[in-house]
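Engineer: attaching a predicted model along with its sequence, questions to come.
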2 protein chains.
Amino acid sequence: MAAPKLEEFLKAEQELAQFAKALSHPARIAILKVLASKTECVCGEIVEVLPLAQSTVSQHLKELKEAGLIKGTVDGPRSCYCINWKAFEKFNQSFNQLFSKLKVQQQSCC
Amino acid sequence: MAAPKLEEFLKAEQELAQFAKALSHPARIAILKVLASKTECVCGEIVEVLPLAQSTVSQHLKELKEAGLIKGTVDGPRSCYCINWKAFEKFNQSFNQLFSKLKVQQQSCC
DNA sequence: ATAATTAATCGTAAAAATACGATGAAATGA
DNA sequence: TCATTTCATCGTATTTTTACGATTAATTAT
């Protein structure tokens, strides 16, 4: 087998892993930064800034969208994207939860 | 081309993406939780808990180690792993930095 | 009506990730 | 010394990811 055995893990672990996967490529982090810095968030502008082909950027946008981190609306011939702050906040909290949970007993045996 | 074009992005983005990649599989999150909850962190115990083969767990441990999130020491015939709290703290901060940076202008255009 | 712009999707190739069994190395125990 | 335990590594199969060019669909501009 080669597909990840996701089902066998806790739902919280799966969810967080999925979120982390969305951030696991610098292009997607860069996209989030662009979206956060602009009020106008047209796809073309993102493509201009990134060192990737239009189709590749579109793919990354799709992944961010599927992960729930961004929203997209069609505006005439162009697409407007922006951060889904609600989901983002949840994401942020999930991470902090993991971090603080792990940090409870901060001791190393080796 | 198929390999990710990492070089062309900011170093901070690459670093964070790499960290996120380490967390992008539930098995690795589960491993971190186990390590945090035990003072004795022998490889075998992790294998016992996870629904994966020994060799697969070993592989995940290697990835966490390469990402800097855990340390490993040989203890006779067994291997002792534990969280690298220093790196972990840095990781935690990088994430919070990104989150707070993005949150500066929390407005959606669409 | 036709051309141009914009961005999604398709097809595809190459690489990386995931998983497992088998093997190997190193230390302990009998 | 020889068997056992423990875990890393190797070999390999399958899936997923990444990337790009080409095409398509939709809207706008001429």
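Structural biologist: Received the coordinates, thanks. Residues are numbered from 1 along each chain as shown, chains lettered A, B, ... in the order given.
Engineer: for A:Ser108, report the pLDDT, please.
Structural biologist: Note for A:Ser108: predicted pLDDT of 66.
Engineer: so what touches the lowest-mean-pLDDT helix or strand in chain A?
Structural biologist: Least confident helix or strand of chain A, by mean pLDDT, DSSP states H and E, is helix A:85-103 with a mean of 86. Residues outside helix A:85-103 that contact it (CB atoms under 8 Å, 6 or more residues apart in numbering or on different chains): A:12, A:15-16, A:19, A:68-69, B:29, B:32-33, B:36, B:83, B:85, B:88, B:92, B:95-96, B:99, B:102-103, B:106, B:108. C-betas here are computed from N, CA, C, even on glycine.
Engineer: all helices for chain A, in order.
Structural biologist: A:11-22, A:26-37, A:43-49, A:54-66, A:85-103 (DSSP state H).
Engineer: and the residue of chain A nearest DNA strand C?
Structural biologist: Nearest residue of chain A to DNA strand C: A:Gly44, at 2.7 Å (CB to the nearest atom of the strand).
Engineer: who are the neighbours in contact with that residue?
Structural biologist: Here A:Gly44 is in contact with A:Arg78 (CB under 8 Å, 6+ apart).
Engineer: pretty sure A:Cys43 sits against A:Pro77.
Structural biologist: No - applying CB atoms under 8 Å as the test, A:Cys43 and A:Pro77 come out as separate, 10.4 Å apart.
Engineer: higher neighbour count, the two?
Structural biologist: Higher neighbour count among A:Cys43 and A:Pro77: A:Cys43, with 18 against 5, using other CB atoms under 10 Å in any protein chain shown.
Engineer: grab the nearest non-local neighbour of the more buried one.
Structural biologist: A:Ser79 (4.4 Å; CB to CB, 6 or more residues apart in numbering or on different chains).
Engineer: for the one you found, what are its contacts?
Structural biologist: A:Val42, A:Cys43, A:Gly72, A:Thr73.
Engineer: okay, the second one and chain B: tell me how far apart.
Structural biologist: When you say that, I think you mean A:Cys43. 12 Å (CB to the nearest CB, to the nearest Å).
Engineer: which of the helices of chain A is buried the deepest?
Structural biologist: For those, the largest average neighbour count (mean count of other CB atoms under 10 Å in any protein chain shown) is found in helix A:26-37, namely a mean of 21.
Engineer: show the end-to-end separation of stretch A:36-47, please.
Structural biologist: 15 Å (CA to CA, to the nearest Å).
Engineer: that one and DNA strand D in contact?
Structural biologist: No - using CB under 7 Å from any atom of the strand, stretch A:36-47 stays clear of DNA strand D, coming no nearer than 9.9 Å.
Engineer: can you list the residues of chain A near DNA strand C?
Structural biologist: A:1-6, A:42-44, A:47, A:54-55, A:58-59, A:61-62, A:72, A:77-79.
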